[in-house]
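Chemist: model the structure of this input:
(one chain, ligands or ions: 1)
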Amino acid sequence: MDRVNFRVNGKPCSVGREVSSDVTLLDYLRVGSELRGSKYMCREGGCGACVVAAARAGDAPVAVNSCLVSVTSCEGWEVSTIEGVGSRHAGYHPLQKTLAKHNGTQCGYCSPGWVMAMYSLLQSKKKLTMLEIEQSFGSNICRCTGYRPILEAFKTFAS
Ligand code: FES
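Modeler: Got it, this is the predicted structure:
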């Protein structure tokens, strides 16, 4: 196989095997696909600004730091980005609406990563407790430090 095939928001994508393994999934999304909702800050897996949901066929999606993954290793992946979860044109996802309603967006830079982390968690586990939601907060950083409204928003998804 001379190409790496995967899907982004349901759309078939591929890169040639000649692509350097240094090209991350985040680079591919932001530069190659012009999907700039996934942000970057640390580029070393520490901030969660770049989180997307990814799954292999038949598996539940998991939150992935797209800055740490080479796009050449995404064969067979189903990738969802914030653009695929909700937008002004297509309509916002309940996670996005709730985050905004609770004033959890603040400067907004980290919001896509937060939404995608929570989206992945909800996809992988249909029922979440408040404790599980709180414990999931280690994966993302809000540089405005406004964690309380983000937590209050996402706790509304606990069952
Ligand atoms: Fe910080 Fe990817 S950019 S975790």
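Chemist: for the helix or strand bottoming out on mean pLDDT in the chain, buried residues please.
Modeler: Of all helical and strand segments in the chain, the minimum by mean pLDDT, DSSP states H and E falls on helix 130-135, at a mean of 94. For helix 130-135, the neighbour count (16 or more other C-beta atoms under 10 Å) marks Ile133 as buried. C-betas here are computed from N, CA, C, even on glycine.
Chemist: pull the residues that contact that helix.
Modeler: Met118, Leu121, Lys125, Leu151, Phe154, Lys155, Phe157, Ala158 (C-beta atoms under 8 Å, 6 or more residues apart in numbering).
Chemist: make it 10 Å
Modeler: Contacts with helix 130-135, where a contact means C-beta atoms under 10 Å, 6 or more residues apart in numbering, come from 118, 121-122, 125, 129, 147, 151, 153-159.
Chemist: near the ligand, which residues of the chain are found?
Modeler: Counting by C-beta under 6 Å from any ligand atom, the residues of the chain close to the ligand are Tyr40, Met41, Cys42, Arg43, Gly45, Gly46, Cys47, Gly48, Ala49, Cys50, Asn65, Cys67.
Chemist: got a ChimeraX select line for the buried ones in these?
Modeler: A single ChimeraX command is used to select the members of those judged buried by 16+ other C-beta under 10 Å:
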select :40,41,47,48,49,50,65,67
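Chemist: using PyMOL, define a selection of the buried residues within the contacts of helix 130-135.
Modeler: This is the PyMOL syntax for the buried subset of the contacts of helix 130-135, where burial follows 16+ other C-beta under 10 Å:
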select buried, resi 118+121+122+153+154+155+157
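Chemist: the contacts of helix 130-135 in helices, which ones?
Modeler: Met118, Leu121, Leu122, Tyr147, Leu151, Ala153, Phe154, Lys155 (DSSP state H).
Chemist: so where is this structure shaky, pLDDT-wise?
Modeler: 1 (pLDDT under 70).
Chemist: just the strands in it please.
Modeler: Secondary structure of the chain (DSSP state E): strands at 3-8, 11-16, 51-56, 62-65, 77-80.
Chemist: which one of the ones you listed lies nearest to Thr24?
Modeler: Closest approach to Thr24 among the strands of the chain (C-beta to C-beta): strand 62-65, 9.3 Å.
Chemist: ok now that closest one, how far from the chain's centre?
Modeler: Centroid separation for strand 62-65 versus its chain: 6 Å, with C-alpha atoms, centre = their mean, to the nearest Å.
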